[in-house]
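[1] Got a sequence here, can you build the structure:
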Amino acid sequence: MKNLEEKSKEIEFALKEFASSINSITNSTGDMSSLVEATSKLELKNIDHYERLIRDEFVNYSNLFMQSKWKFWVRPIKELTWLDVISSDGYKREEGLYALSGAAPNAFFLTLVIRRLNDWVPQVREAAKEVIPSIIEKSKPEDVIEALTAVFLNWDSWGKIAKADRQMLLHISSTKSLAVGFKSKLISSISGPMPSLFSQLGRTPILDECLNEIANNAMQPHMRAKAFRSLFEKRIFWIVGQEWKWTDKVYNKGKLIPVIAERKISVKIPFSDLLNRSAFDRSSIVRQVSAEFLIRDIDSLGNQTRTIAEKFAADKSNTVSERGRFILKKLDEMALNNN
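    Modelled structure (predicted):
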């Protein structure tokens, strides 16, 4: 796997080629093919780094070619490109957004556009709000899913995005084709922060009908555990931001704590069904959740409670076995009290 530095070098080379082509006599709009290829391989979790790199390096390369010995043959650059949406000039970012048409070249460039909803210039945010629905509609569904995933995983730190713009993106993600794609991603991904994505998508009913499927089939144990927990609790919760909490005002000490929101969900699956399936999951992470909820509702299964508690008590995971022993102890206490 290439590291961040190696990938950055590839982008710099592609930017140099693009800057050269955009300043040529024969093609003033430029050839983005190398840049699209380079950015298609990137992990969007590092998009902050790549956005700064592209913004700074593209200006340098553009200036370099404009000052070359061929400068008298070069036509002025008038055409706007996908890179103008991250220009250091707010007017150019706004103009660049309104000039966009057609599908995004890939998920990376689509993410750059969506990130303008958190731009520090209000006019740029407004422009992004106007053009994003059309661009998303024309883009490949797989690119849209990757771009929205990158946004949803980071937007709790966005301070300038409007509530209405968050709702717009959530509404877009709820369309049938994208909902199916998100479900597939949550189930099939073997790495990545899928539980966090699940929480953000849970702001809307997009996943409600497939919670059971995710709980049964997700590749990541933490994802299955998150889905089972939501089914047990009949709610999905997510982080909406952070707030400052003082720990010692005298010494001016404190910390940022997450702000949690939740949405109730309708669950028609019997508690016994959820417990039996989660109790026999192949991962101890899921079995821990199962044991936790048996403790919370120890009377729910009647005589079967002891059988499952004994299974938990014999579990190879210390955390699960401790909970199993605790349940057995509580059952013994309850039996003595009844006698």
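
[2] C-terminal to the helix or strand hosting residue 309, what's the next element?
    For residue 309, the enclosing helix or strand under DSSP states H and E is helix 304-313. Counting by DSSP H and E, the element after helix 304-313 in chain order, helix or strand, is helix 318-338.

[3] got any ranges where this structure has weak pLDDT?
    1, 22-30, 59-80, 339 (pLDDT under 70).

[4] ranges for the strands of it?
    235-248, 253-264 (DSSP state E).

[5] The first one relative to strand 253-264, how many degrees between them?
    Going back to what we said before, that points to strand 235-248. Angle of strand 235-248 versus strand 253-264, following axes from the mean of the first three to the mean of the last three CA atoms, to 10 degrees, is 160 degrees.

[6] What strands line up against strand 235-248, and which way round?
    strand 253-264 (antiparallel) (DSSP bridges).

[7] quick one: contacts of the strand it pairs with?
    156, 202-203, 234-248 (CB atoms under 8 Å, 6 or more residues apart in numbering). For every residue, glycine as well, the C-beta is placed using N, CA and C.

[8] Distance check, residue 138 against residue 105.
    From residue 138 across to residue 105, the span is 12 Å (CB to CB, to the nearest Å).

[9] Who has more neighbours out of those two?
    residue 105 (18 against 12; other CB atoms under 10 Å).

[10] Quick check on that one: phi, psi?
    phi -60, psi -30 (degrees, to the nearest 10).

[11] List the contacts of it.
    Taking CB under 8 Å, 6+ apart as the test, what residue 105 contacts is 32, 36, 39, 82.

[12] Pick the most buried one from the strands of the chain.
    Ranked by mean neighbour count, the strands of the chain are led by strand 235-248 with a mean of 13 (mean count of other CB atoms under 10 Å).

[13] From the chain's centroid, how far away is it?
    In terms of CA atoms, centre = their mean, to the nearest Å, the centre of strand 235-248 is set 18 Å apart from its chain centre.

[14] May I have that strand as PDB, with CA atoms only?
    Only the C-alpha atoms of strand 235-248 are listed here, as PDB (Å, rounded to 0.1, in the frame of the first residue of the first chain):
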ATOM      1  CA  ARG A 235     -33.500   3.700  18.900                       C
ATOM      2  CA  ILE A 236     -30.600   4.900  16.800                       C
ATOM      3  CA  PHE A 237     -28.300   7.600  18.200                       C
ATOM      4  CA  TRP A 238     -25.600   9.700  16.600                       C
ATOM      5  CA  ILE A 239     -23.200  12.500  17.400                       C
ATOM      6  CA  VAL A 240     -24.400  16.000  16.300                       C
ATOM      7  CA  GLY A 241     -21.400  17.900  17.500                       C
ATOM      8  CA  GLN A 242     -19.300  18.800  20.600                       C
ATOM      9  CA  GLU A 243     -19.700  21.100  23.500                       C
ATOM     10  CA  TRP A 244     -17.300  22.400  26.100                       C
ATOM     11  CA  LYS A 245     -17.700  21.000  29.600                       C
ATOM     12  CA  TRP A 246     -15.700  22.600  32.500                       C
ATOM     13  CA  THR A 247     -13.900  20.200  34.800                       C
ATOM     14  CA  ASP A 248     -12.200  22.800  36.900                       C
END
